[in-house]
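1. the sequence isn't on hand, but the structure is:
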């Protein structure tokens, strides 16, 4: 099995190996490490607390039951993210039973890239808000993105997976991931400007 | 000569540091001369930074416990001796 060291340097390979033998307390340690991230991912993709609670449970139950199928050639975390994303997309499809949520939808490649709001931000804009306020502002902005942008942004910039991993999980090409990511980042940037722009200032005063 | 449109097309590669050194120099030259592209680049970098700095959601204790109970049930259905020692509370 390939080594699955997480970015924090925590080597989870022995834990995964023990869990594969059915060791529940080893699996519980993996749950405790990743449940917050999986819950956040599911909340962002579905925009629903209730759905996210179901998805959290389903994801770890499925992971535990199918751990024998985990090959260890990807990171354990990427593997459970894939399960959580599939569960989340399934929820979205069920909710919109009249129309399929497609991640392959053609997107406009023209004018939406051109930013309309140009204002300088504070140096550390997040410092102006409490953790709770900041979370609400950031969540609200992500919520406003169409699903095709949202999933890519959540995997790349919140869960910090690579473009290649994101492409594989969502069944997209790497260039499609990159172009969606840029649009998502620019849309969010625009949404957040009203909260983060330097007070009493605009670009022309600044320069 | 890089136009604003060309700059925005390359912004993704620039932010993820995946341009050639030559292109990077050209893009940075454009940034030094174009206030609008500078602001877009700076605020997009800050957007990424602020999201990456967020901690995962705290999981409600009940939800965590519910998950452990469900996992224990599955584990016991395979092997009745499994999970007896498992606490359903966080350490």
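-> The structure has been received and is ready for your questions. Model, not experiment: these values are computed from the prediction.
2. quick one: buried residues of the helix or strand hosting residue A:168?
-> Assessed by DSSP states H and E, residue A:168 sits inside helix A:163-170. The neighbour-count check on helix A:163-170 (16 or more other CB atoms under 10 Å in any protein chain shown) flags A:163, A:165, A:166, A:167, A:168, A:169, A:170 as buried. Heads up, the C-betas are built off the backbone N, CA and C, glycines and all.
3. quick one: residues contacting the fourth one.
-> Listed by CB atoms under 8 Å, 6 or more residues apart in numbering or on different chains, the contact partners of residue A:167 are A:173, A:174, A:176, A:177.
4. what is the burial count for residue B:45?
-> Neighbour count of residue B:45, defined by other CB atoms under 10 Å in any protein chain shown: 15.
5. ranking helices and strands of chain A by mean pLDDT, which lands last?
-> helix A:203-206 (a mean of 51; mean pLDDT, DSSP states H and E).
6. thinking again about what came up before, so how far is the following helix or strand past the helix holding residue A:168 off the chain centroid?
-> Along the chain past helix A:163-170, the next helix or strand (assigned with DSSP H and E) turns out to be helix A:174-196. On the basis of CA atoms, centre = their mean, to the nearest Å, helix A:174-196 sits 13 Å off its chain's mean C-alpha point.
7. can helix A:174-196 be found next to chain B?
-> Yes. Residues of helix A:174-196 contacting chain B under CB under 8 Å from any CB of the partner chain: A:178, A:179, A:181, A:182, A:185, A:186, A:188, A:189, A:192, A:193, A:196.
8. again, but for stretch A:19-31
-> Yes. Using CB under 8 Å from any CB, stretch A:19-31 reaches chain B at A:22, A:24, A:25, A:27, A:28, A:31.
9. what residues sit buried inside that stretch?
-> Quick answer for stretch A:19-31 (16+ other CB under 10 Å): A:19, A:20, A:22, A:23, A:24, A:26, A:27, A:28, A:30, A:31.
10. what do you get for stretch A:83-97?
-> So, applying 16+ other CB under 10 Å, buried residues of stretch A:83-97: A:83, A:84, A:85, A:87, A:88, A:89, A:91, A:92.
11. would you mind giving those as a markdown table with pLDDT, secondary structure and distance to residue B:74 added?
-> Below are those laid out as a markdown table (pLDDT from 0 to 100; DSSP: H, G, I helix; E, B strand; the rest coil; distance: CB to CB, whole Å):
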| residue | pLDDT | secondary structure | distance to residue B:74 |
| --- | --- | --- | --- |
| A:83 | 96 | helix | 15 |
| A:84 | 97 | helix | 18 |
| A:85 | 95 | helix | 22 |
| A:87 | 95 | helix | 17 |
| A:88 | 94 | helix | 21 |
| A:89 | 90 | helix | 24 |
| A:91 | 90 | helix | 21 |
| A:92 | 86 | helix | 26 |
